[in-house]
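Engineer: With the input below, show me the fold.
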Amino acid sequence: MTCLSIIQAVTVAIGLPRPIAAIGTTDPQVATLLQLAQNSGRDLAAEWPWQKLTQRRTFPALAQEAQTGEPPIDYDRFALIQRIWDINRKTWLVGPLNPDEWDAVTTWPVATYPAKWCLLQGVINIFPAPTTDDSFKYTYISKNWVRPADGSSDTDSWRNDTDTSLLPERLLEYALIWRWKQAKGLDYAEDQLTYEREREKAQARDRGPRTIVTSAPPPFPDNFWPGQITY
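Structural biologist: Numbers count the residues shown, from 1 in each chain. Modelled structure (predicted):
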């Protein structure tokens, strides 16, 4: 679904005339829905590590502590396990260090192994400073949840009516309905509950449950349970 089709579906649900355009509209009702769509998408992108927003990044090191250009401009946050892997040494860096820990590490007169890292002023810093022969990789969550129809790079907001969402479109519809009712001073409690239930389902589908297998080859121990735990 596109930006326009999402807003059209919502206008039908809340009893408003179906618009023929959303971006650049002079209709205050449609403009309100468009802004609520922006807010809803950004909130959804920020609150869950959606697999479509999960990016893997490999970069060649600079011969200095500050790895200028890392993380990239679409970076929002690291994945749950914040690891930067040293590809050459087959291990991960220690971090992220807080500023005080970073000051302590960089003040010591000896090199450390594994190397340490810290995010300072939006730039990844590595100590000891790597060489240009080194390379690293990590996983991060992008803030760009909108895919432009013209094939340009993904963005974090609607730019055209034909743009599509990398997030579940149905969730955006539910979010728009309760947010619009809230903005208009109407009863929105049930619509919000519906949205929250559907959001939980979408998040569960987005990343399947991890299974812990407790089976073992015979002979089995006395306390062996031949099943599995899903969480």
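Engineer: all helices for this structure, in order.
Structural biologist: 3-14, 28-47, 99-107, 169-183, 189-206 (DSSP state H).
Engineer: Could I get the buried residue list for the first one?
Structural biologist: Spelled out, that is helix 3-14. Buried residues in helix 3-14, counted by 16 or more other Cβ atoms under 10 Å: 3-4, 6-11. Every residue, glycine included, has its C-beta placed from N, CA and C.
Engineer: Tell me who's in contact with T139.
Structural biologist: For T139, the contact set (Cβ atoms under 8 Å, 6 or more residues apart in numbering) comprises 54-57, 78-79, 83.
Engineer: okay if I get the buried residues of helix 3-14 as JSON lines plus distance to I177 and pLDDT?
Structural biologist: Shown next, in JSON lines, are the buried residues of helix 3-14 (distance: Cβ to Cβ, whole Å; pLDDT from 0 to 100):
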{"residue": "C3", "distance to I177": "16", "pLDDT": "95"}
{"residue": "L4", "distance to I177": "17", "pLDDT": "95"}
{"residue": "I6", "distance to I177": "11", "pLDDT": "96"}
{"residue": "I7", "distance to I177": "11", "pLDDT": "96"}
{"residue": "Q8", "distance to I177": "13", "pLDDT": "96"}
{"residue": "A9", "distance to I177": "10", "pLDDT": "96"}
{"residue": "V10", "distance to I177": "6", "pLDDT": "96"}
{"residue": "T11", "distance to I177": "10", "pLDDT": "95"}
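Engineer: Of all pairs in these, which one is the farthest apart?
Structural biologist: Distance extremes for the buried residues of helix 3-14: the farthest pair is C3 and T11 at 12.9 Å, using Cβ to Cβ.
Engineer: burial count for G15?
Structural biologist: Other residues within reach of G15, judged by other Cβ atoms under 10 Å, total 6.
Engineer: How about Q82?
Structural biologist: Here the count is done by other Cβ under 10 Å, and Q82 has 16 residues near it.
Engineer: Phi, psi for the nearest residue to N160 once chain neighbours are set aside please.
Structural biologist: Among residues not flanking N160 along the chain, I23 sits closest, at 5.8 Å (Cβ to Cβ, 6 or more residues apart in numbering). The phi/psi pair for I23 (degrees, to the nearest 10) reads phi -70, psi 130.
Engineer: where does I23 land on pLDDT?
Structural biologist: pLDDT recorded at I23 is 95.
Engineer: if we can go back for a sec, out of the helices of the chain, which gets nearest to S152?
Structural biologist: Taking Cβ to Cβ, helix 3-14 is the member of these nearest to S152, at 14.9 Å.
Engineer: got the contact list for I14?
Structural biologist: I14 touches 177, 180-181, counting by Cβ under 8 Å, 6+ apart.
Engineer: before we move on, back to that, turn the helices of the chain into a markdown table, including distance to V123.
Structural biologist: Shown next, in a markdown table, are those (distance: least, Cβ to Cβ, whole Å):
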| stretch | distance to V123 |
| --- | --- |
| helix 3-14 | 33 |
| helix 28-47 | 21 |
| helix 99-107 | 12 |
| helix 169-183 | 33 |
| helix 189-206 | 30 |
